[in-house]
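Asker: Here is a sequence together with a model predicted from it:
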Amino acid sequence: MMRDDDFNPKIGRIRSQGTKRSRKYLHRVLHAVAFAGGSPRGGSLPRRGTFHGSQIGRGASIGRMLATRDRYAAFRSRRAIVKSRIVKLAGNGVKAALAHLRYIQRDGVTREGEPGRLYDAQQDRADGKAFIARADGDRHQFRFIVSAEDGDEYEDLKPLTRRLMAQMEEDLGTKLDWVAVDHYNTGHPHTHIIVRGKDDTGRDLIIAREYIAQGLRERMAELISLDLGPRTDLEIENRLRREVEQEHLTSIDRGLLRGADDDGMVRATGRDAFEQSLRAGRLQKLRHLGMAAETAPGQWQLAEGVEDALRRMGERGDIIKAMHRDLIEKGVARAASDYIIYDPSDPETRPIIGRLVRRGLADEIDDRHYLIVDAVDGRTHYVEIGKGEATDPTPEGGIITVTPKRAEPRAVDRTIAEIAAANGGRYDVDIHLRYDPTASADFAETHVRRLEAMRRLTGTVERQPDGTWTIAPDHLQRATAYERRLTKDAPVMVQTLSAFPLDRQFGADGATWLDRELVADTPVPLRDGGFGRDVRDALARRRQWLVEQELARDEQDRTIYRANMLGILQRRELTRVVGQLSGELGLDYAEVRPGERIEGIYRRSLDLVSGRFAVIEKSREFTLVPWRPVLERSLGKQVAGIVHGETISWALGRQRGGPSVS
């Protein structure tokens, strides 16, 4: 029997009515659709008539209208490319947005090679910091790259961009706060546009997926067609005829895929004789590429994954063209058969050593970079390196080595799994030291830092209130997944062997990369062709210079090098450089010896023929020590370390007895 003072408490936030009611209306709608058998998120497209959420947001009806036009509407208009990305600004998003704004205004993007100029709807010189300040507290922002097929016919892209954004405001029914930068540093002039994620009432701006995917591109094409005139039917038909033999995904392929049934069966017939000839010709081309087979007269079976295969084929063609263009600009001649796309995910892929020809952008909107490396194996490699900040800049012409990152557990992960398995699935520093008394506390702390990094990025490990970690039985599989996430941003490791090109190493008075190769027990294998041949010639010239300097001598059929030749050459260069630095800094130079402790402020790095060195400055003196990447975190700060032969153990951080890095 219920009493008046009986109640059932509901744990939660004040005014919360439970999990279901506290969710946003949109989330509840999508949940109900999914429960009813729809597909509101990802995956394959839902069946016709199924609600999937793409119509939610501003511009949905405009996007649908623009996508359903007459037969040649998509071809009659001048083409435009629009790439889009929605970026969340939570956490460090505002700082990242400011970095992106600086990036699109970098040097060399205008026709004159100057920095990009930020503008908005009213001003030709907009205030980027003020724009970011207005975005403080925004949930998200939109980033677009807009490129007109005939953009090189525009003297100035600003009026076109402003008309596009005015049309976008009309379509969405709200004023937009945006800034843009025009780039002319590629074969196709394009514009970077950043739009705040707020409408003119201060609410979150939600743009329908259909408008982002199709509507904005069609609006841009309309504007270009108004300026330059539409294509004629004859121009359209000639373009479609050329598509028949192209080795990438074409509009004809998209039409075939739309008409295919669930088993990939499609007919060659079209709405008229012209379309039938296009489809039949394209299917014959796909058959030659191994992507289609005729099962009966006029009936064709498309290969599984044909769309992805054609897209990859097109991307490879674009990469080969970019490689050829960059090599021609550098005056380097290589056969097309020697162009290689480096695939770090392939277990058979090996490290490469070569000359950096060019560093470029593979995807500007996601800041993904690539390298073109003329390698000692005689071939030229295209290497995607992922996010730009993940790889330090290297001067073009320098000698680098590229090593693929493997998505596999590290030794630290195996140690954690082993210790946890013996301790009921738990891990911390004390448990580690009890399990392995020979381990140091600093060594065990590196395992904790690894777990903390996994927790922040993937949440696959759990830390208890008492500081211990709960380690699952499948910890190694989770570590593999974590590494796979990391390799997306940085699929390779790039190390600079020499910042100086070969022609500056022939007679350099320092320990060059060529010298290290001459005295190496296992020198790099060289192919007698391409850059491999260049290195062979450079080694012969360097060997002769060393003989002239009495650092080597020829005996019968071999060359004998002087003991400690590399040390002698390095000392020569350092003696010359420290004299210049001493006058520049007004400080005396202090040479460090094994076993000594180094203390001072890390001021900068120097690229010498003998390698990269760090300038460590004290009140009355300075010293030069081999540079390590970990030092860059302490630029302008106090550092300390102990010299061990040719290596240094650095103690970085504010805490007493902080982490040691050798």
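Answerer: That came in fine, so what should we check first?
Asker: Just give the closest residue to Arg406, not the sequence neighbours.
Answerer: Glu483 (7.6 Å; C-beta to C-beta, 6 or more residues apart in numbering). (Glycine included, C-beta is placed from N, CA and C.)
Asker: and the one you found, that one's in a helix?
Answerer: Yes. For Glu483, which was evaluated using DSSP: H, G, I helix; E, B strand; the rest coil, the result is membership in a helix.
Asker: Could you check how far it is from Gln105?
Answerer: Plainly put, Glu483 is 34 Å away from Gln105 if you go by C-beta to C-beta, to the nearest Å.
Asker: Could you pull up the contacting residues of the residue nearest to Arg406?
Answerer: For Glu483, the contacting residues are Lys405, Arg406, Ala407, Glu408, Pro409, Arg410, by C-beta atoms under 8 Å, 6 or more residues apart in numbering.
Asker: Helix, strand, or coil at the second one?
Answerer: Judged by three-state DSSP, the three-state class of Arg406 is coil.
Asker: and it, backbone torsions?
Answerer: Dihedral angles phi and psi of Arg406 (degrees, to the nearest 10) take the values phi -100, psi 130.
Asker: Okay, it and Thr575: tell me how far apart.
Answerer: Here the distance between Arg406 and Thr575 works out to 42 Å (C-beta to C-beta).
Asker: So if I had to pick from those two, which one is more boxed in?
Answerer: Regarding Arg406 and Thr575, a neighbour count based on other C-beta atoms under 10 Å identifies Arg406 as having more, with 15 against 12.
Asker: Not counting its neighbours along the chain, what's nearest Lys175?
Answerer: The spatially closest residue to Lys175, leaving aside those adjacent along the chain, is Asp200, at 4.0 Å (C-beta to C-beta, 6+ apart).
Asker: tally of neighbours for that neighbour?
Answerer: By other C-beta under 10 Å, the residues close to Asp200 number 13.
Asker: and it, that's in a strand?
Answerer: No. Residue assignment for Asp200, taken from three-state DSSP, gives coil, which places it outside any strand.
Asker: Okay, and the beta partners of the closest residue to Trp650 other than its chain neighbours?
Answerer: Excluding the flanking residues, the one nearest Trp650 by C-beta to C-beta, 6+ apart is Gly641, at 4.2 Å. Partner residues in beta bridges with Gly641, using DSSP bridges, are Ile598, Trp650.
Asker: Tell me the buried residues in stretch 217-236?
Answerer: Arg217, Glu218, Arg219, Met220, Ala221, Glu222, Leu223, Ile224, Ser225, Pro230, Arg231, Ile236 (16 or more other C-beta atoms under 10 Å).
Asker: Specify which member of these is nearest to Arg456.
Answerer: If you rank the buried residues of stretch 217-236 by distance to Arg456 using C-beta to C-beta, Arg217 comes first, at 37.2 Å.
Asker: I'd like the mean pLDDT over whatever helix or strand the closest one lives in, please.
Answerer: Secondary-structure assignment from DSSP states H and E places Arg217 in helix 216-228. Helix 216-228 carries an average pLDDT of 88.
Asker: got it, and stretch 98-115?
Answerer: Regarding stretch 98-115, the rounded mean pLDDT is 84.
Asker: What segments of the stretch 501-650 of the chain are strands?
Answerer: 552-555, 558-561, 588-589, 597-608, 611-617, 621-626, 638-644, 647-651 (DSSP state E, counting those that start in this stretch).
Asker: Can you name every helix or strand that the last one contacts?
Answerer: Same thing as strand 647-651. Secondary structure elements in contact with strand 647-651, counted by 3 or more C-beta pairs under 8 Å, 6 or more residues apart in numbering; DSSP states H and E, are strand 621-626, strand 638-644, strand 660-661.
Asker: could you dump the ones you listed to CSV with distance to Ala273, mean pLDDT and mean neighbour count?
Answerer: Below are the helices and strands packed on strand 647-651 laid out as CSV (distance: least, C-beta to C-beta, whole Å; pLDDT from 0 to 100; neighbours: other C-beta atoms under 10 Å):
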stretch, distance to Ala273, mean pLDDT, mean neighbour count
strand 621-626, 73, 91, 18
strand 638-644, 77, 85, 17
strand 660-661, 72, 46, 16
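Asker: just the CA coordinates of stretch 473-482, formatted as CSV?
Answerer: Output of stretch 473-482 as CSV, limited to C-alpha atoms (Å, rounded to 0.1, in the frame of the first residue of the first chain):
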residue,chain,number,x,y,z
PRO,A,473,42.9,-9.5,-21.3
ASP,A,474,42.9,-8.2,-24.9
HIS,A,475,45.2,-5.3,-24.1
LEU,A,476,47.6,-6.1,-27.0
GLN,A,477,44.7,-5.9,-29.4
ARG,A,478,43.6,-2.6,-27.9
ALA,A,479,47.2,-1.3,-28.3
THR,A,480,47.2,-2.4,-31.9
ALA,A,481,44.0,-0.4,-32.5
TYR,A,482,45.6,2.6,-30.7
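Asker: tell me how far that stretch is from the chain's mean position?
Answerer: Computed by C-alpha atoms, centre = their mean, to the nearest Å, the separation of stretch 473-482 from the middle of its chain amounts to 24 Å.
Asker: No further questions, thank you.
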